[in-house]
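# take a look and give me a structure for this.
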Amino acid sequence: MDVELIRQAFEKEGIDKEIKCPEAFAIAEKYGISKMDISRYCNTHGVKIRACQLGCFK
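Sure thing, here's the model as predicted:
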């Protein structure tokens, strides 16, 4: 997982402490980051995932 790449992507997209699932998917696609790495980053950096398309996060 490239923490710095994800941090920079979140900063560019204005993501701080919360992200919606569709936003996470879009960032993964736009920046070539795996969805699993985005999930790991969120879990380790206190970023809440909202509006999960799979119903995994509330």
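
# quick check: buried residues in stretch 37-45?
Within stretch 37-45, the residues that qualify as buried are 38-39, 41-42, counting by 16 or more other CB atoms under 10 Å. To be clear about C-beta, it is placed using only N, CA and C from the backbone, and glycine gets the same treatment.

# which parts of the protein are helices?
For the chain, the helices defined by DSSP state H cover 3-13, 21-31, 35-45.

# residue 52: which of the ones you listed is closest?
Shortest distance between residue 52 and those, using CB to CB, is found for helix 21-31: 4.5 Å.

# buried ones in the closest one?
For helix 21-31, burial by neighbour count (16+ other CB under 10 Å) applies to 21, 23-24, 27-28, 31.

# between that helix and helix 35-45, how big is the angle?
Angle, helix 21-31 to helix 35-45, by axes from the mean of the first three to the mean of the last three CA atoms, to 10 degrees: 120 degrees.

# now the buried residues of helix 21-31 in TSV, with pLDDT?
Listed next are the buried residues of helix 21-31 as TSV, based on pLDDT from 0 to 100:
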residue	pLDDT
21	90
23	93
24	92
27	95
28	94
31	96
